[in-house]
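Participant: all I have is the shape, not the residue letters:
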Ligand code: CTP
Ligand code: ZN
């Protein structure tokens, strides 16, 4: 048996997006953040697949849909190693790594309970410090958060 035959496969899709190389522990958060329970097309999920890069990885295949740039940013925060594959007529028409923006607004909570964004109806805003690990610094209270503390609304 070749290594390809030993790999668990989920069906190829005709059109849509395949998010690959997701850390296994982030897969269900990504399903929630992308609201895939409300998807109109089919969604296939595989997790705990062996990965040389990540140990264990997950894959999400979303038929008939591309991601918005905001959704791509959310994935970059949760899964900086993820690859986005755009599928057209069964072929990978585009493959790219997700990119972290320098600033993110609105979809992450500040962990500081005294921050103005938690006291008043003010949208959050953070500066992104990309390094080996992602860090976010609140533009209002300057609290820094590491990857484990990042909570997406
Ligand atoms: N894929 C799919 N449907 C298609 C084409 C590809 O679901 N019609 C999926 C593949 O199963 C894979 C991902 O899209 O999970 C990327 O496809 P491909 O680039 O062919 O795979 P790899 O070379 O393994 O990708 P990488 O080098 O990024 O690991
Ligand atoms: Zn803050």
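Facilitator: Looks like it came in fine. Quick caveat: nothing in here was measured; it's all calculated off a predicted structure. Residues are numbered from 1 along each chain as shown. Ligands and ions are numbered 1, 2, ... in the order given.

Participant: OK, contacts around residue 48?
Facilitator: Taking CB atoms under 8 Å, 6 or more residues apart in numbering as the contact definition, residue 48 lies against 24, 56, 58. Glycine gets a C-beta too; all of them are placed from N, C-alpha and C.

Participant: please disregard the earlier target; I meant residue 130.
Facilitator: residue 100.

Participant: and it, its phi and psi?
Facilitator: Backbone geometry at residue 130, expressed as degrees, to the nearest 10, gives phi -90, psi 140.

Participant: okay, it and residue 142: tell me how far apart.
Facilitator: Residue 130 sits 18 Å away from residue 142 when distances are taken as CB to CB, to the nearest Å.

Participant: point out the residues in the chain that sit beside ligand 2.
Facilitator: Proximity of the chain to ligand 2 (CB under 5 Å from the ion) is limited to residues 110, 112, 115, 138, 140, 141, 143.

Participant: just the element for the second one, please.
Facilitator: It refers to residue 112. Mapping residue 112 onto the secondary structure by DSSP states H and E places it in no helix or strand at all.

Participant: which one is it nearest to, not counting chain neighbours?
Facilitator: With CB to CB, 6 or more residues apart in numbering as the measure, residue 143 is the residue that lies nearest to residue 112, at 4.2 Å, once sequence neighbours are left out.

Participant: contacts only, for that neighbour.
Facilitator: 110, 111, 112, 115, 137.

Participant: might one say that the second one is in contact with residue 144?
Facilitator: Spelled out, that is residue 111. No - applying CB atoms under 8 Å as the test, residue 111 and residue 144 come out as separate, 9.4 Å apart.

Participant: stretch 142-153: how far from the chain's middle?
Facilitator: Average the C-alpha atoms of stretch 142-153, do the same for its chain, and the two points are 15 Å apart (CA atoms, centre = their mean, to the nearest Å).

Participant: so after the helix or strand where residue 30 lies, what's the next helix or strand?
Facilitator: Assigned by DSSP H and E, residue 30 falls within helix 27-33. Sequence-wise, the next helix or strand beyond helix 27-33 is strand 43-51, with elements assigned using DSSP H and E.

Participant: which parts of that next one are buried?
Facilitator: Burial within strand 43-51, assessed by neighbour count using 16 or more other CB atoms under 10 Å, is assigned to 43, 45, 46, 47, 49, 51.

Participant: likewise for stretch 49-69?
Facilitator: Within stretch 49-69, the residues that qualify as buried are 49, 51, 54, 57, 58, 59, 60, 61, 62, 63, 65, 67, counting by 16+ other CB under 10 Å.
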